[in-house]
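K.L.:
Please work out how this folds:
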Amino acid sequence: MEGADSTNFMTELLLEAFGSDYFQHRPVLERALRLGRSAAAGGTDSNKSRPFIILFHSFQDKERVLRRSRDGVSFRGHNIRFFQDYSADLSQRQAAFHTVKAVLYKEGVQFSMLYPARLRVVSKDAVFEFIKGIPFSHLPYKERVQTHPGVCDFLCGGV
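P.N.:
Numbers count the residues shown, from 1 in each chain. Next up is the predicted model:
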């Protein structure tokens, strides 16, 4: 679909998907790289989506694409998504919250992740934010019990 020039393909995709009037100028990409192998090159599945990694020349263009893509973007009948690329270190710091987030979700507790790697937990009367290295159990007991009891048992070690 993209041919040999993935950078030009992605530039054209951005113009078609967002509309040429969305950008103040033609978006300039430093490079674009398609991950995985195509079915023609020995890949496993021709219907499986393969992500692109693109490097924008302009920070403003990148931010515009990320901001606009939150509303959903389609290209030739296919929904496409754009994600910020994070360093391996940041991804690991965010991944440290996966187990806790699963418990919070199961317990029906409202939570969200904040950049760069902070977990926000919302209870009836308070909002708590946690980062790796500052355990939940370091909060005063009075504040800990305001959250859902099952979550407190998990995060506080049964205190």
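
K.L.:
wait, is residue 64 part of a helix?
P.N.:
Yes: assessed by DSSP: H, G, I helix; E, B strand; the rest coil, residue 64 belongs to a helix.

K.L.:
helices and strands of the protein: which one has the lowest mean pLDDT?
P.N.:
Ranked by mean pLDDT, DSSP states H and E, the helix or strand of the chain with the weakest confidence is helix 141-144, at a mean of 45.

K.L.:
Quick one: distance of the lengthiest helix in the chain to the chain centre.
P.N.:
Taking DSSP state H as the criterion, the chain has its longest helix at helix 6-18. Helix 6-18 sits 21 Å away from the centroid of its parent chain (CA atoms, centre = their mean, to the nearest Å).

K.L.:
Which neighbouring elements make contact with it?
P.N.:
strand 29-34, strand 52-56, helix 59-69, strand 73-75 (3 or more CB pairs under 8 Å, 6 or more residues apart in numbering; DSSP states H and E). The way it works is simple: take the backbone N, C-alpha and C, and place the C-beta from them, glycine included.

K.L.:
Out of these, flag the one nearest residue 128.
P.N.:
Across the helices and strands packed on helix 6-18, residue 128 has its closest neighbour in helix 59-69 (27.8 Å, CB to CB).

K.L.:
which of the residues in stretch 52-66 are buried?
P.N.:
Neighbour counts over stretch 52-66 (16 or more other CB atoms under 10 Å) mark 52, 54, 56, 61, 62, 64, 65 as buried.

K.L.:
from those residues, which two are the most distant?
P.N.:
So, the buried residues of stretch 52-66 by CB to CB: farthest apart are 52 and 64, at 17.2 Å.

K.L.:
All good on my end, thank you.
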